[in-house]
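Student: For reference, the sequence and a predicted model appear below.
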Amino acid sequence: MNVKLYVLAASVAVLVGGVGYATGPHQDLDCLGCHDPHYAKAEKLFKVKNDVLINPRTGTKIDHTSALCLGCHNIHQFGGGDVKPIHLHMTHPVNIVPNPKIAKVPDQLLRDGMLQCVSCHDPHPSNPNWKYLRVDSTGGAKVGQFCLACHPAKADTSFYGIAQADIDFFSSMNEDKGPGNFKSSELSIVSPTPNYVHPFGKYDNGIQPAYKTAATQPWIWAPEPDMLPEDLKKLMQENQPAE
Ligand code: HEC
Ligand code: HEC
Ligand code: HEC
Ligand code: HEC
């Protein structure tokens, strides 16, 4: 195919594909960036698991779904992929059991009773909201409407014209209902997989899929802590929370 035809075909594909679909950047991960049907590193067939850093809030390793996100969204020195990196020392707390005086989190947004990245974000490509947030913030113009979902005592609800109970949360986690916005009372099925996949600990990443996809990027392999350079290990030790 000559270049012009190729460009034309590609733009038609984008136009057709674009109608009615969210086109956030996770689309390009094409499922296999986050899930691996045969060589999973963590529950729910997660392909990435970054538990290099100790969570400064709890002094324990990050596990659960947040370790997936941090496999890409942390700096490489901390086991991530440098993809829009966020750092746990200066980020909204995660992997914690909420103190009810600080936040009134709808139960359905917690995982094993804890706040995780997925409490605020539904990362599936079907989520049309700004930054994959669970609450529509009108493209980031009304972020307070999202914060209000868990910190209602702090927001001027008359400004947003909405109370906590009225908030719609985006969820992709119920195939019976399909992706969409649900009241917290309807978010009953949040994560039904029984987690029967239990990867057998640390193993050599020489086992790799026989196929290659655009999503197979070097960032998916988090280094073992003893592979880290001395100065970084020291920095991490200094960053441990006080007893
Ligand atoms: C950015 C990472 C990411 C991408 C890309 C992604 N997923 Fe997921 N997936 C997750 C996370 C995180 C969860 C767990 C979410 C939760 O607990 O709310 C999950 C859960 C699931 C589950 C388990 C649902 C359950 O009920 O327990 C299935 C099935 C799934 N994803 C399929 C897919 C498919 C199919 C695609 C591609 C269209 C995809 N995922 C793309 C991160 C991703
Ligand atoms: C396999 C790598 C990978 C994983 C795992 C991953 N992401 Fe991403 N994420 C990306 C890429 C790539 C981008 C686009 C970065 C860019 O635009 O520079 C992105 C962008 C984002 C954005 C910004 C979206 C926007 O519209 O600007 C958010 C929010 C986000 N990710 C949240 C998450 C959360 C939460 C998780 C875990 C549930 C997660 N990601 C897991 C690769 C990943
Ligand atoms: C309390 C809610 C909340 C939690 C928990 C949360 N985020 Fe976010 N996240 C946001 C909001 C709000 C934004 C958009 C504002 C901004 O970019 O700072 C955002 C933006 C992002 C972005 C896009 C940054 C950019 O430059 O575009 C990424 C990536 C991201 N989050 C990843 C994560 C990961 C990984 C975790 C878990 C370790 C996480 N988030 C936990 C609320 C949250
Ligand atoms: C899904 C629920 C949820 C959402 C949405 C949410 N938070 Fe939080 N927030 C929490 C939890 C849980 C804590 C920690 C409570 C604890 O320490 O036990 C917290 C803590 C905080 C803290 C105290 C942090 C510290 O270091 O002491 C601030 C400030 C805060 N949130 C602001 C925000 C802002 C601003 C937004 C909107 C951008 C937001 N939160 C959205 C659940 C949420």
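Tutor: Alright, I've got the coordinates. Ligands and ions are numbered 1, 2, ... in the order given.

Student: residue contacts, the residue nearest in space to the middle of the chain?
Tutor: Central residue check for the chain by CA atoms, centre = their mean: the C-alpha nearest the mean position is that of Cys69, 4.6 Å away. Contact analysis of Cys69 by CB atoms under 8 Å, 6 or more residues apart in numbering lists Cys117, His121, Pro123. (C-beta placed from N, C-alpha, C; glycine too.)

Student: Against Ile162, how distant is it?
Tutor: Between Cys69 and Ile162 the computed distance is 28 Å (CB to CB, to the nearest Å).

Student: I figured Ala40 was touching Asn195, is that so?
Tutor: No: using CB atoms under 8 Å, Ala40 is not in contact with Asn195, being 10.9 Å away.

Student: Of those two, give the one with the bigger neighbour count.
Tutor: Neighbours were counted for Ala40 and for Asn195 using other CB atoms under 10 Å; Ala40 has more, 17 against 9.

Student: Helix or strand, whichever it is, which one in this protein has the lowest mean pLDDT?
Tutor: helix 3-18 (a mean of 37; mean pLDDT, DSSP states H and E).

Student: now the helix or strand following that one: mean pLDDT?
Tutor: As assigned by DSSP states H and E, the chain's next helix or strand after helix 3-18 is helix 64-72. Regarding helix 64-72, the rounded mean pLDDT is 88.

Student: Report all helices and strands that the next helix or strand after helix 64-72 contacts.
Tutor: Toward the C-terminal end, the helix or strand that comes next after helix 64-72 (DSSP H and E) is helix 117-120. When contacts are defined as 3 or more CB pairs under 8 Å, 6 or more residues apart in numbering; DSSP states H and E, helix 117-120 packs onto helix 64-72.

Student: is it true that Asp82 touches Asn50?
Tutor: No: Asp82 is beyond contact range of Asn50, at 11.9 Å (criterion: CB under 8 Å).

Student: Need the residues touching each of the two.
Tutor: Asn74.

Student: More neighbours: those two, which one.
Tutor: Comparing Asp82 with Asn50 by other CB under 10 Å, the one with more neighbours is Asn50, at 27 against 13.

Student: Surely the more buried one touches Leu70?
Tutor: Yes: between Asn50 and Leu70 a contact is recorded at 4.4 Å, counting by CB under 8 Å.

Student: Check the contact lists of the two and give me the overlap.
Tutor: Among the neighbours of Asn50, those also in contact with Leu70 (CB under 8 Å, 6+ apart) are Ile62, Phe78, Gly79, Gly80.

Student: I'd say the third one and Ile54 touch.
Tutor: Put plainly, it is Gly79. No: at 11.7 Å, Gly79 does not count as touching Ile54 under the criterion of CB under 8 Å.

Student: Between these two, point out the one with more neighbours.
Tutor: Ranked by neighbour count (other CB under 10 Å), Gly79 and Ile54 place Gly79 first, with 25 against 17.
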